[in-house]
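Chemist: generate coordinates for the sequence data below:
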Amino acid sequence: MNRPTKILEAAQTHGRVLVDELAEQLRVSPHTIRRDINALCEQGKLRRLHGGAEFIEGSSNLPYSTRSSLNVAAKRQIAERVLDLIPDHATLFFSIGTTPALVAAALAEREGLTVITNNLNAALALSDAPGARIILPGGTLRLPDRDILGPQVLDLFRGYRADFAIYGVGGVDTDGSLLDFNEDEVQNRQCQRANARASILVADATKFGRRAAAVGGTLSDADHIVIDQRPAPSWDEVLDPLGDRLILAGGTS
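Modeler: As a prediction, the model looks like this:
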């Protein structure tokens with residue numbers, strides 16, 4: 001991942017970044033960081049502040065190719081832990097996003113799965129699973145993310161009852177609310193959870209405090225919340241009431 005992408009990811013996660021802190025973290029000069037920030041501001045991705053810049057709120061997530069390269073080890077830990085929860089011959093919903101796609105890849109060893117998803121990456125990851133049946137909605141493929149959103153997607157999910165809904169999230173707010181980058185993403189996630197017998201939220205620790213504009217649902221709605229590691233102690237008030245529903249992929253909850 002190149003330096004400007006790291007700066008943009010940090011700004012999106014924390015809301016703002018400071019030149020001196022970035023220079024120290026990335027081991028380059030403040031002049032180099034200012035140059036990168038200026039370029040990102042010219043692209044409309046950041047807004048200048050004294051001593052740094054802030055992320056511009058909007059409906060756009062980072063590009064899929066960028067997100068797919070972030071925190072890969074953590075996401076694979078999560079995927080391996082979810083594998084323990086899913087039996088053969090289960091019916092599954094998968095939401096859009098990179099973490100659900102990696103979970104799907106881990107589940108390719110399961111037999112006889114029925115998969116309903118608008119995440120083409122997840123569908124392709126399961127295409128060689130023994131006895132798999134994969135159901136996709138109609139509509140326009142959203143590129144480069146390789147997913148489908150829109151009314152026809154909701155209609156598809158409403159027509160099925162899954163054993164498990166496996167869904168990701170754009171960010172988690174300080175009160176435990178779940179955030180995404182547009183309303184369609186929220187509606188699809190909520191619909192999948194409502195039509196599943198059990199729900200599994202998958203999110204690496206960087207999603208805690210990450211900003212996005214659309215809100216819907218909370219951490220406590222999920223039957224299982226699988227994360228790679230606990231975020232900072234400031235999140236304990238939100239996480240502690242989850243009890244054994246919180247699963248740490250890197251260790252015991």
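Chemist: all strands for the stretch 101-250 of the chain, in order.
Modeler: Counting by DSSP state E, counting those that start in this stretch, the stretch 101-250 of the chain has strands at residues 114-117, 133-135, 162-167, 171-172, 177-180, 196-202, 214-218, 224-227, 246-248.
Chemist: just tell me which of those ends up closest to residue 234.
Modeler: Across the strands of the stretch 101-250 of the chain, residue 234 has its closest neighbour in strand 171-172 (12.3 Å, CB to CB). From N, CA and C alone the C-beta is placed, and that goes for glycine too.
Chemist: surely residue 228 and residue 206 touch.
Modeler: No - using CB atoms under 8 Å, residue 228 makes no contact with residue 206, being 9.1 Å away.
Chemist: next, show the common contact partners of the two.
Modeler: 71, 74 (CB atoms under 8 Å, 6 or more residues apart in numbering).
Chemist: on that earlier part again, and the strands of the stretch 101-250 of the chain as CSV, adding mean pLDDT?
Modeler: Shown next, in CSV, are the strands of the stretch 101-250 of the chain (pLDDT from 0 to 100):
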stretch, mean pLDDT
strand 114-117, 98
strand 133-135, 98
strand 162-167, 98
strand 171-172, 93
strand 177-180, 95
strand 196-202, 98
strand 214-218, 95
strand 224-227, 98
strand 246-248, 97
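Chemist: would you list the ones you listed in a markdown table and tack on distance to residue 84 and mean neighbour count?
Modeler: Converted to a markdown table, these look like this (distance: least, CB to CB, whole Å; neighbours: other CB atoms under 10 Å):
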| stretch | distance to residue 84 | mean neighbour count |
| --- | --- | --- |
| strand 114-117 | 18 | 23 |
| strand 133-135 | 22 | 14 |
| strand 162-167 | 12 | 25 |
| strand 171-172 | 23 | 24 |
| strand 177-180 | 23 | 22 |
| strand 196-202 | 11 | 22 |
| strand 214-218 | 24 | 17 |
| strand 224-227 | 10 | 24 |
| strand 246-248 | 9 | 18 |
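Chemist: tell me which of the ones you listed lies nearest to residue 27.
Modeler: strand 171-172 (27.6 Å).
Chemist: so which of residue 228 and residue 206 has more stuff around it?
Modeler: residue 228 (23 against 19; other CB atoms under 10 Å).
Chemist: so where is the stretch 51-200 of the chain shaky, pLDDT-wise?
Modeler: 56-70 (pLDDT under 70).
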